[in-house]
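> have a look; sequence and predicted model below, questions after that.
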Amino acid sequence: MNLPVIAALLLALIAAGPAFADRDSDRGGRSEGGPGMSAQQAAEAARRQTGGRVLNVKPSDGGYRVKVLTPSGEVRYVTIR
């Protein structure tokens, strides 16, 4: 797959994040990294933390494992809980 296709798929995943969030996410008033965080919120937190572009978001151990391409070109994994 080429990069534009991956980017488009990722944007679609992030945009659909709330649709895939668990039922606890309907509680409102969530803080960054708190219980019930959506995949979209985890992606945004990782983007702010690294300044990079989010490539992938997967649930992991009560949080999310976010794959990020940093501005320097490195691929990093960030755990958001």
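It's in.

> the protein: strands as residue ranges?
Here the chain has its strands, by DSSP state E, at 53-60, 63-69, 75-80.

> mind listing what the longest one pairs with, with the direction of each?
According to DSSP bridges, strand 53-60 has the following sheet partners: strand 63-69 (antiparallel).

> okay, the angle between the strand it pairs with and strand 75-80?
150 degrees (axes from the mean of the first three to the mean of the last three C-alpha atoms, to 10 degrees).

> can I get the strands of the chain in TSV with mean pLDDT and mean neighbour count?
Backbone N, C-alpha and C define where each C-beta goes, glycine included. Below are the strands of the chain laid out as TSV (pLDDT from 0 to 100; neighbours: other C-beta atoms under 10 Å):
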stretch	mean pLDDT	mean neighbour count
strand 53-60	96	17
strand 63-69	97	20
strand 75-80	96	15
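
> could those go into a markdown table alongside distance to residue 46?
Formatted as a markdown table, those follow (distance: least, C-beta to C-beta, whole Å):
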| stretch | distance to residue 46 |
| --- | --- |
| strand 53-60 | 6 |
| strand 63-69 | 4 |
| strand 75-80 | 4 |
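
> for residue 43, which of those strands is the nearest?
Smallest distance to residue 43 across those (C-beta to C-beta): 4.5 Å, for strand 53-60.

> CA atoms only: put that closest one into PDB for me.
Taking C-alpha atoms only, strand 53-60 is exported to PDB below (Å, rounded to 0.1, in the frame of the first residue of the first chain):
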ATOM      1  CA  ARG A  53       1.400  12.000  12.500                       C
ATOM      2  CA  VAL A  54      -0.700   9.200  13.900                       C
ATOM      3  CA  LEU A  55      -0.400   6.000  11.800                       C
ATOM      4  CA  ASN A  56      -2.400   3.500  13.800                       C
ATOM      5  CA  VAL A  57      -4.300   3.100  17.000                       C
ATOM      6  CA  LYS A  58      -5.000  -0.200  18.700                       C
ATOM      7  CA  PRO A  59      -6.500  -1.100  22.100                       C
ATOM      8  CA  SER A  60      -3.900  -2.300  24.600                       C
END
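
> quick one: contacts for the residue nearest to residue 53 when sequence neighbours are not counted?
Excluding its sequence neighbours, the residue lying closest to residue 53 (C-beta to C-beta, 6 or more residues apart in numbering) is residue 69, at 4.8 Å. For residue 69, the contact set (C-beta atoms under 8 Å, 6 or more residues apart in numbering) comprises 52, 53, 55, 75.
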